[in-house]
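Student: Below are the sequence and a predicted model for it; my questions follow.
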Amino acid sequence: MSERVGDARLGQYVPAPGVIDLAWGHPDPTLLPVDQLREATHRAMERHGPDILEYGSTAGSPPLINFICARLAETDARAPGPDQVVITSGASQGLDLVATLLLQPGETVLLDLPTYHLAISILSDHPVQLKAVASDADGIVLDDLARVVAQLRRDGELPRLLYTIATFHNPTGRSISLERRQALVNFAAQEGLLIAEDDTYRELSYDGPPPPSLWALDGAGAVVRIGSFAKSVAPGLRLGYVTATPEIASRMANGGLLDSGGGMNHFAATVLAEYAASGDYLRQVERFRDAYRGQRDRLLAGLATHVPDAACSRPGGGFFVWVQLPPGVVADELAPIAIARGMAFLPAHRFYVDGSEAPEAIRLAFSMYPPEVLEDAVVRLAAAVTQLRG
Ligand SMILES: Cc1ncc(COP(=O)(O)O)c(C=O)c1O
C-alpha cells in the first residue's frame, strides 16, 4: 500500500529521461489553459452556487449541451438538437457506454485497421468478437466491408457495430473522402449496421474546415458520433459527448450508470460551459491549431530531409503522422535502437487486432513537443535507421 502511494503521480505520462517521446498522443502541457480554467471555475461557482456541486441532470450539464449544439453548427454539416447529445467522461467512456448499452454478448464489432489501439482495448473489455476490415489511403475499403459483412451473415454471426475514425485518423492521420463517407453511411443504413464514429480530432484541423462527420451525413440513425474535449481543451477534464438519435441518447441518459451517478463530470462540464461562454474555448482551439500546424510542418519537413526514403502521411489535422519505413527496416528492431539514441515511437502492430498483418510502419505523434525538438527527434530516428541498416 505505502509503495503504491509512494509511486502515485498525478499524470498518466511518465517521461523517460533523455528520450523525445513521440509515442504518446498527449497535448503540449505548456499550451494547456490553466489560468483560463481557474477563472472559469471561479465564475461558474459564483453563478451556480451549490447547484454545481449537486448530482447533475442525467444527459449532462445543460449549458455544455447547448454549447456543443451551437459549436457543431459551426464545425459540422449538421447540428444536433439538445435531445441528441449526452455528455460523457471523454471519448473513451463514450465508446465504452456505446458497447455496454448497444451491444449484446457474442455480437461482432468491425474495425478498419489500423485503428486507435486503445479503442481496441476498450472494445476487448466487452464480450464481443472483433473482426478486421481493410483500409487504404482513403480509409475503410467498402468492398472489403461488404465482403466481411456478407461472410459473417453466412456464418450466422451478427455484425452489429463498426468502429471507425473518419476524420484526422489515429494512427494514420488520413481523412475519408466525402464520396466514401456518404457511401459508408448508406451501406450501414442498408445493412442495419450501427457506426460508432470516433470524432475526437474534429477541432484540430490545420488546412481549412474539417470534413462533415458521418453523423452529419446520416439521415437514418445509423451513426453514433463520439466526441471529446481532451484535444480541444484538456484531457484531465475527462469530458466528451455522443451525438445520436433521440432514442439512443435517451437510452444512454437513462441507463443505470447515469441514473445512479447523474450526468458525467457535472462540475467540470459546468465549468467548461462557463469557459466556452467567455470565448476562451475558441481562443484555445486557435492556439492549439496554430501550434500543432507548425509542429506537423516541421516534423514532415524533417522526415523529408533526414529519412527521405520513408513514405509519410500528411495529416490535415489531429496529432499523428504514419511513416512507412524504408525497405528492409523492421519497426520492432528499430524501436530499441531509436530509444538508445533518444527518441521513441509506436510500431504499426499496436494498431492491429492481430499484429501479424501490420506493415513495417510507425506512428509519430507531433503534439507534445515544439518544432525544434521534433526536428531533433527526426535526426535521432534517421541515425537509428542508418545504424540498423549497418
Ligand atoms: C481516436 C481517439 N479516440 C479517443 C481518444 C481518447 O479520448 P478521451 O481522452 O476523450 O477519452 C483518443 C486519445 O488519444 C484518440 O486518439
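Tutor: Everything's here; your move.

Student: which residues does the residue of the chain at minimum distance from the ligand contact?
Tutor: When scored by Cβ to the nearest ligand atom, the chain has Gly90 as its residue closest to the ligand, at 2.8 Å. All C-beta atoms are positioned from the backbone trio N, CA, C, and that covers glycine. For Gly90, the contact set (Cβ atoms under 8 Å, 6 or more residues apart in numbering) comprises 228-230, 235, 238-240.

Student: Leaving out sequence neighbours, find the closest residue to it.
Tutor: Distances taken as Cβ to Cβ, 6 or more residues apart in numbering place Gly240 nearest to Gly90, at 4.5 Å, with adjacent residues excluded.

Student: ditto for Leu303
Tutor: Cys312 (5.1 Å).

Student: Which positions are bridged to Asp21 in the beta structure?
Tutor: Asp21 has these beta-bridge partners by DSSP bridges: Ala344.

Student: Torsion angles phi and psi at the residue of the chain closest to the ligand?
Tutor: Torsion angles at Gly90 (phi, psi; degrees, to the nearest 10) stand at phi 90, psi 170.

Student: now do Pro315
Tutor: Pro315 adopts backbone torsions of phi -70, psi 140, taken as degrees, to the nearest 10.

Student: got a list of what the nearest residue to Pro246 once chain neighbours are set aside touches?
Tutor: Nearest residue to Pro246, sequence neighbours excluded (Cβ to Cβ, 6+ apart): Asp83, at 4.5 Å. For Asp83, the contact set (Cβ under 8 Å, 6+ apart) comprises 246, 249-250.

Student: which among the residues you listed gets closest to Ile339?
Tutor: Nearest to Ile339 out of those is Ala249 (Cβ to Cβ; 44.8 Å).

Student: what's the nearest residue to the spatially most central residue of the chain if we skip its chain neighbours?
Tutor: When Cα atoms, centre = their mean is applied to the chain, the residue found nearest the centroid is Thr200 (4.1 Å). Ranked by Cβ to Cβ, 6+ apart and with sequence neighbours excluded, the top spatial neighbour of Thr200 is Ser228, at 4.4 Å.

Student: For the one you found, grab the count of nearby residues.
Tutor: 25 (other Cβ atoms under 10 Å).

Student: Check Glu179 too.
Tutor: Neighbour tally, Glu179, other Cβ under 10 Å: 9.

Student: Ala166 now?
Tutor: Ala166 has 30 neighbouring residues, counting by other Cβ under 10 Å.
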